[in-house]
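>>> Using only what follows, build the 3D model:
(chains A, B, C and D)
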There are 2 protein chains.
Amino acid sequence: MHETAAATAEVDNSARPYHHGALRSELIAESLKTISERGVAAVSLRQLARDAGVTPAAPYHHFPDRAALFAAIIAEGHTLLYKRLGDAVSVAVDATAALRDMLVAYARFAADHPAHMRVMLRPEAGDPARHPEVADTRAVDLLRATVVAAQREGALPNADPEPWVQLFWSLAVGYVTLWVDGPVEARCHALGTTPEEMIERVGDAIASLLRRPRG
Amino acid sequence: MHETAAATAEVDNSARPYHHGALRSELIAESLKTISERGVAAVSLRQLARDAGVTPAAPYHHFPDRAALFAAIIAEGHTLLYKRLGDAVSVAVDATAALRDMLVAYARFAADHPAHMRVMLRPEAGDPARHPEVADTRAVDLLRATVVAAQREGALPNADPEPWVQLFWSLAVGYVTLWVDGPVEARCHALGTTPEEMIERVGDAIASLLRRPRG
DNA sequence: GACTGCATCTAAACAACGATCAGTTCACAT
DNA sequence: ATGTGAACTGATCGTTGTTTAGATGCAGTC
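Residues are numbered from 1 along each chain as shown, chains lettered A, B, ... in the order given. All right, here's what the predicted structure looks like:
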């Protein structure tokens, strides 16, 4: 160590320019790291500023408040999620498989981007009135289209698709809610399986119902 | 008004005894009120203390920290929820109806006790390692028994019940997650219905699948 | 090349929060 | 009556989100 390191600083402040240069993206990146390691509640704008080597007021030039930082993460998450769901649908052999694979893809997104998922599930971070970008309907629109396709294929009754949309949406959200910070991890371990495998089985279960003969 | 009211106090401090007498229960009651009105994040031990007319340190004689207050609310919520689910199962004509009605009962619990539900869905408030009472398995045990009953009745395949347990559990948790602080309220309003009616339809949808002939 | 506009950052401050600690009060069991 | 222990006070600490006024320096214009 040829340089004196500050007590809590993460970077060498002595050589740092007045302007950080990429503070906004670093704040988001460090937030995601903190969230996946210690949860959403552990995110502090002041701590982020310290880690980035700037003063506590600097982040406020990129985000009006703490919620705006989370809103940016949510928007990023929605885009990542929508891509995953689109990929799942595009490779499915039929609408029933598409619904099953969307569910699995949703869970895999949560596994691969736990920080995004945690913030997306956090109510106070995603107030659509203050941050409209958190109300992204692309994923649910894709789900609705897949439900309608399943109805055309006879896998689902030809009635109002909305309850089915709500069912699959709730199922996905519920599973990841119980996974990213809930009891699913411990429960699966006790059952001798993994959350990744469990969501596959849940998907197979609902798909087996859809493939039953029509009543 | 024959008495001088303090600026922010909710009670008449002049006639208040040294010992509050029922501080613990009042803290919980005021928390629930705040949570249903302004969310979990708005709960502050200091504000609760002010409302109760005690000093900021008083609550710490009843709860080791903020999380312990939430843990107490979660434990209370689990008991209330288990009772609702038990009532739903006991009046159902068969296991399929029981599963449907448990789902609806779960949502109704969330509607009737939104504050309890919000805290129960809050991950950092319910760390089982620090507060074991938040890991209540009564509800999921009842769900598993109902799933097994449905298997005996032929409504569900006679395979491992756990994926089905996980499916219904996730479905319920997902719906209330999307309801108590999510987009379901606005979505139902746009669809010309209500969240109460929507969960009934979702329950009918899944029940219709269970009643289809076996494949 | 000097000038200027503007986003970016600093420095200092404020109010509110969770939490701790030594001391005070008071109901109740002995 | 006595004294023990739970409930509460009063003071304090460190941290947080947020605001304000001012300093800085890059990107373009004359």
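>>> Could you check how far A:Leu45 is from DNA strand C?
According to Cβ to the nearest atom of the strand, to the nearest Å, A:Leu45 stands 11 Å off from DNA strand C. Where C-beta positions appear, they are placed from N, C-alpha and C, glycine not excepted.
>>> ok, that residue - contacts?
A:56, A:59-60, A:63, A:66, A:69 (Cβ atoms under 8 Å, 6 or more residues apart in numbering or on different chains).
>>> Help me confirm that A:Ala98 comes into contact with A:Ala149.
Yes. Shown here, A:Ala98 and A:Ala149 form a contact pair, counting by Cβ atoms under 8 Å, at 7.1 Å.
>>> Look at those two and report which has more neighbours.
A:Ala98 (25 against 19; other Cβ atoms under 10 Å in any protein chain shown).
>>> measure the more buried one to B:His131 for me?
The gap separating A:Ala98 from B:His131 is 41 Å, by Cβ to Cβ, to the nearest Å.
>>> follow-up on the earlier one: mind giving me JSON lines with the contacts of A:Leu45 and columns for secondary structure, neighbour count and distance to DNA strand C?
Formatted as JSON lines, the contacts of A:Leu45 follow (DSSP: H, G, I helix; E, B strand; the rest coil; neighbours: other Cβ atoms under 10 Å in any protein chain shown; distance: Cβ to the nearest atom of the strand, whole Å):
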{"residue": "A:Pro56", "secondary structure": "coil", "neighbour count": "13", "distance to DNA strand C": "5"}
{"residue": "A:Pro59", "secondary structure": "helix", "neighbour count": "22", "distance to DNA strand C": "8"}
{"residue": "A:Tyr60", "secondary structure": "helix", "neighbour count": "13", "distance to DNA strand C": "7"}
{"residue": "A:Phe63", "secondary structure": "coil", "neighbour count": "17", "distance to DNA strand C": "10"}
{"residue": "A:Arg66", "secondary structure": "helix", "neighbour count": "17", "distance to DNA strand C": "13"}
{"residue": "A:Leu69", "secondary structure": "helix", "neighbour count": "22", "distance to DNA strand C": "13"}
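>>> Nearest to B:Val91 among these?
A:Arg66 (46.5 Å; Cβ to Cβ).
>>> got a list of what A:Val176 touches?
A:Val176 touches A:106-107, A:110, A:117, A:121, counting by Cβ under 8 Å, 6+ apart.
>>> Same question for A:Val119.
A:35, A:40, A:70, A:73-74, A:77, A:125-126.
>>> Adding neighbour count, write those residues out as JSON lines.
Compiled in JSON lines, the contacts of A:Val119 are given as follows (neighbours: other Cβ atoms under 10 Å in any protein chain shown):
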{"residue": "A:Ile35", "neighbour count": "22"}
{"residue": "A:Val40", "neighbour count": "20"}
{"residue": "A:Phe70", "neighbour count": "26"}
{"residue": "A:Ile73", "neighbour count": "26"}
{"residue": "A:Ile74", "neighbour count": "23"}
{"residue": "A:Gly77", "neighbour count": "24"}
{"residue": "A:Ala125", "neighbour count": "22"}
{"residue": "A:Gly126", "neighbour count": "25"}
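>>> Can you tell me which of these end up in helices?
Within those, residues falling in helices by DSSP state H are A:35, A:70, A:73-74, A:77.
>>> Can you pull the phi and psi angles for the closest residue to A:His20 other than its chain neighbours?
Distances taken as Cβ to Cβ, 6 or more residues apart in numbering or on different chains place A:Val54 nearest to A:His20, at 5.8 Å, with adjacent residues excluded. The phi and psi values for A:Val54, taken as degrees, to the nearest 10, are phi -120, psi 170.
>>> Over to A:Ala111?
Dihedral angles (degrees, to the nearest 10) for A:Ala111: phi -70, psi -40.
>>> which residue sits closest to it in space, ignoring its chain neighbours?
A:Glu196 (6.6 Å).
>>> From A:Glu30, how far out is the one you found?
27 Å.
>>> So which of the two has more stuff around it?
Neighbour tally, A:Glu196 and A:Glu30, criterion other Cβ under 10 Å: the higher count belongs to A:Glu30, 17 against 13.
>>> and the host helix or strand of that one, does that touch DNA strand C?
Per DSSP states H and E: A:Glu30 is located in helix A:23-38. Yes. Against DNA strand C, helix A:23-38 shows contacts by Cβ under 7 Å from any atom of the strand at A:Leu23.
>>> which other helices and strands contact that helix?
Applying 3 or more Cβ pairs under 8 Å, 6 or more residues apart in numbering or on different chains; DSSP states H and E, we find helix A:23-38 packed against helix A:45-52, helix A:66-91, helix A:114-120.
>>> Deepest-packed of the ones you listed, please.
Stretch with highest mean neighbour count among the helices and strands packed on helix A:23-38: helix A:114-120 (a mean of 24; mean count of other Cβ atoms under 10 Å in any protein chain shown).
>>> Would you check the distance separating that helix from the middle of the chain?
From the chain centre to the centre of helix A:114-120 is a distance of 4 Å (Cα atoms, centre = their mean, to the nearest Å).
>>> cool, and stretch A:133-146?
How far stretch A:133-146 lies from its chain's middle: 14 Å, per Cα atoms, centre = their mean.
>>> Show me what that stretch is in contact with.
Residues contacting stretch A:133-146 (Cβ under 8 Å, 6+ apart): A:71-72, A:74-75, A:78-79, A:81-82, A:85-86, A:89, A:95, A:98-99, A:102, A:125-128, A:161-162, A:165, A:168-169, B:183.
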